[in-house]
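> coordinates only, sequence not included:
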């Protein structure tokens with residue numbers, strides 16, 4: 001069986017410490033959590049930055065600080081968000097690339113947020129903006145992680161591939177269960193539907209399960225041969241009513257399940273080779 005790699009999505013753009021005090025927000029917290037995740041077996045860290053007051057930010061200066069602090073500890077792959085959050089414009093979201101991450105997320109369609117404070121706001125990703133973001137990543141030699149939330153978004157995946165705006169090997173993250181209009185239910189049938197709808201392309205797949213379905217969907221993803229993402233961006237609980245103590249705790253469970261299923265866990269160096277991601281120093 002091939003090796004699989006694990007991504008830790010530590011902070012996100014929706015939750016804060018009032019939901020789980022263990023959620024890392026500031027650079028020192030994120031760097032410590034990233035190193036703990038690395039030690040448990042994570043190969044990639046997905047990063048959302050906050051300003052000193054805890055507000056969402058895509059300030060490249062904050063991202064550079066996070067990168068430097070993590071790189072001083074380990075060689076884990078650094079993947080920054082361009083999804084940001086409801087308070088950020090498209091240009092602000094794109095600014096995170098100025099920090100020169102090794103990878104960046106690329107949202108592949110438009111959705112409407114249904115969550116409390118951001119209810120009714122749009123995560124606006126029309127095809128021309130997806131193309132602009134993809135080209136900005138390619139120009140900086142940043143690997144795009146194409147985030148797909150429902151099967152209709154495969155149309156935009158094909159579009160950027162056909163226009164040569166992403167490089168092989170193509171990397172797709174199937175995000176199952178997000179509470180947005182445009183998301184799909186957090187159940188195994190949703191993942192199977194996504195797999196059936198997958199374009200006939202040579203792609204590397206990852207699965208992210210949102211909320212309580214995270215361990216179910218990531219385990220199913222492993223059974224189907226995908227890589228997986230875990231972390232408090234997607235699920236602030238370890239089990240029903242029990243807050244996660246750390247992102248490393250969620251990584252450790254995913255590693256344990258993967259090994260029970262017979263997989264070996266890819267190191268950051270091995271994941272770089274699989275994905276074609278060049279190593280960066282900061």
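Cool, the structure landed. Bear in mind the structure is a predicted one, so any value in this text is a computation, not a measurement. Residues are numbered from 1 along each chain as shown.
> what are the phi and psi angles of the closest residue to residue 217 other than its chain neighbours?
Excluding its sequence neighbours, the residue lying closest to residue 217 (CB to CB, 6 or more residues apart in numbering) is residue 209, at 3.0 Å. C-betas here are computed from N, CA, C, even on glycine. The phi/psi pair for residue 209 (degrees, to the nearest 10) reads phi -110, psi 130.
> what does residue 142 give?
According to degrees, to the nearest 10, residue 142 has phi -100, psi 130.
> same thing with residue 175?
phi -100, psi 110.
> For the strand or helix carrying residue 155, which helices and strands make contact with it?
Following DSSP states H and E, one finds residue 155 within helix 154-162. Under the contact definition 3 or more CB pairs under 8 Å, 6 or more residues apart in numbering; DSSP states H and E, helix 154-162 sits against helix 127-139, strand 143-148, strand 170-176.
> May I see those organised as JSON lines, with mean neighbour count added?
Supplementary listing: these in JSON lines, determined by neighbours: other CB atoms under 10 Å:
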{"stretch": "helix 127-139", "mean neighbour count": "17"}
{"stretch": "strand 143-148", "mean neighbour count": "24"}
{"stretch": "strand 170-176", "mean neighbour count": "25"}
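> Using TSV, lay out those together with distance to residue 262 and mean pLDDT.
Shown next, in TSV, are the helices and strands packed on helix 154-162 (distance: least, CB to CB, whole Å; pLDDT from 0 to 100):
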stretch	distance to residue 262	mean pLDDT
helix 127-139	34	98
strand 143-148	26	98
strand 170-176	22	98
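> tell me the contacts of the residue nearest the centre of the chain?
The centre of the chain sits closest to residue 46, judged by CA atoms, centre = their mean, with a distance of 5.0 Å. Listed by CB atoms under 8 Å, 6 or more residues apart in numbering, the contact partners of residue 46 are 7, 8, 9, 10, 79, 80, 81, 105, 229, 231, 233.
> How about residue 58?
For residue 58, the contact set (CB under 8 Å, 6+ apart) comprises 49, 81, 82, 84, 88, 92, 93, 94, 95, 96.
> In helices, which of those residues appear?
In helices, defined here by DSSP state H, the members of these are 92, 93, 94.
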